[in-house]
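Colleague: only the shape, not the letters, is given here:
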């Protein structure tokens, strides 16, 4: 089981020093991945810029969008350039996790119809491959740079379309949080989509889980998650799924591994790097 950790880039008020120190320490502790969440109408750092800051102060740890919402980014060549630049500047460490997106305000403020997000994501994934493969899209010169290698793609979502999309375009699938039993059921559907697509490789299966440890752990989780998920109508249940106890967190790692998960990315509810040390003590 690989254990990654999210940057606290969506925690309101997170300071530059905290983001930089967190990235450095995550690599020193030996976490597999630094992940970022994507939100537009919120007090958070833009995820690709946050990963670029992390890339500048690290050398080995993978950098992943967990996940990015490309459909409201309505300039695919520009996005292709941004992602390829991040991949090249990080030495080929980028993993591209994407999903269609469920926050309507992010689409509305971008002037992009939320209802069309699924087909837009399908087209965008095709176009990213074309652009990174050197297709000039009708112009004399392609949009560069090209990535070091094509970034592995993880697809998020639990719809039939998401499972199909994962098998069609992805290296694997990423869950936004569920129980181990729910994760196991979804992993079965991913593998079925893989088989239907005639793929012989095995999908890389990932999940995101929230954590908050130490003093005032529950209060910290509530303050952040009730605000971040206020739009969803299920913020209370998400708070209940956050891991605020080290023993429970350790049991969860074993349970998700038994459910078929290959990598857990623990997303923080606070930006104090002491949280990172507590997580490392619990699971590494």
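Modeller: Perfect, I can see it now. Source: prediction; values computed, not measured.
Colleague: number of nearby residues for residue 135?
Modeller: 13 (other C-beta atoms under 10 Å). For every residue, glycine as well, the C-beta is placed using N, CA and C.
Colleague: all helices of the stretch 151-284 of the chain, in order?
Modeller: Counting by DSSP state H, counting those that start in this stretch, the stretch 151-284 of the chain has helices at residues 160-169, 180-196, 217-228, 235-241, 246-258, 274-283.
Colleague: what's the closest of those to residue 70?
Modeller: helix 160-169 (11.7 Å; C-beta to C-beta).
Colleague: how much space separates residue 219 from residue 212?
Modeller: 9 Å (C-beta to C-beta, to the nearest Å).
Colleague: my bad, should have said residue 202
Modeller: For residue 202, the distance to residue 212 - C-beta to C-beta - is 33 Å.
Colleague: neighbour count winner among these two?
Modeller: Taking other C-beta under 10 Å, residue 202 and residue 212 do not tie; residue 212 has more neighbours (26 against 11).
Colleague: ok, now which ones touch that one?
Modeller: Shown in contact with residue 212 (C-beta atoms under 8 Å, 6 or more residues apart in numbering): 218, 220-221, 224, 242-244, 268-270, 275.
Colleague: show the buried residues in those.
Modeller: 220-221, 224, 242-244, 268-270, 275 (16 or more other C-beta atoms under 10 Å).
Colleague: most widely separated two among the contacts of residue 212?
Modeller: 218 and 268 (14.4 Å).
Colleague: now the helices of the stretch 151-284 of the chain in a markdown table, with mean pLDDT and distance to residue 207?
Modeller: Below are those laid out as a markdown table (pLDDT from 0 to 100; distance: least, C-beta to C-beta, whole Å):
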| stretch | mean pLDDT | distance to residue 207 |
| --- | --- | --- |
| helix 160-169 | 98 | 14 |
| helix 180-196 | 97 | 6 |
| helix 217-228 | 98 | 16 |
| helix 235-241 | 94 | 11 |
| helix 246-258 | 98 | 6 |
| helix 274-283 | 98 | 14 |
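Colleague: with distance to residue 43 added, can I get those in a markdown table?
Modeller: Output for the helices of the stretch 151-284 of the chain, formatted as a markdown table (distance: least, C-beta to C-beta, whole Å):
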| stretch | distance to residue 43 |
| --- | --- |
| helix 160-169 | 28 |
| helix 180-196 | 30 |
| helix 217-228 | 9 |
| helix 235-241 | 16 |
| helix 246-258 | 27 |
| helix 274-283 | 19 |
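Colleague: this structure: strands as residue ranges?
Modeller: Ranges of strands in the chain, per DSSP state E, are 2-6, 33-36, 62-68, 94-98, 153-156, 172-175, 204-211, 263-268.
Colleague: kind regards, and thank you for your time.
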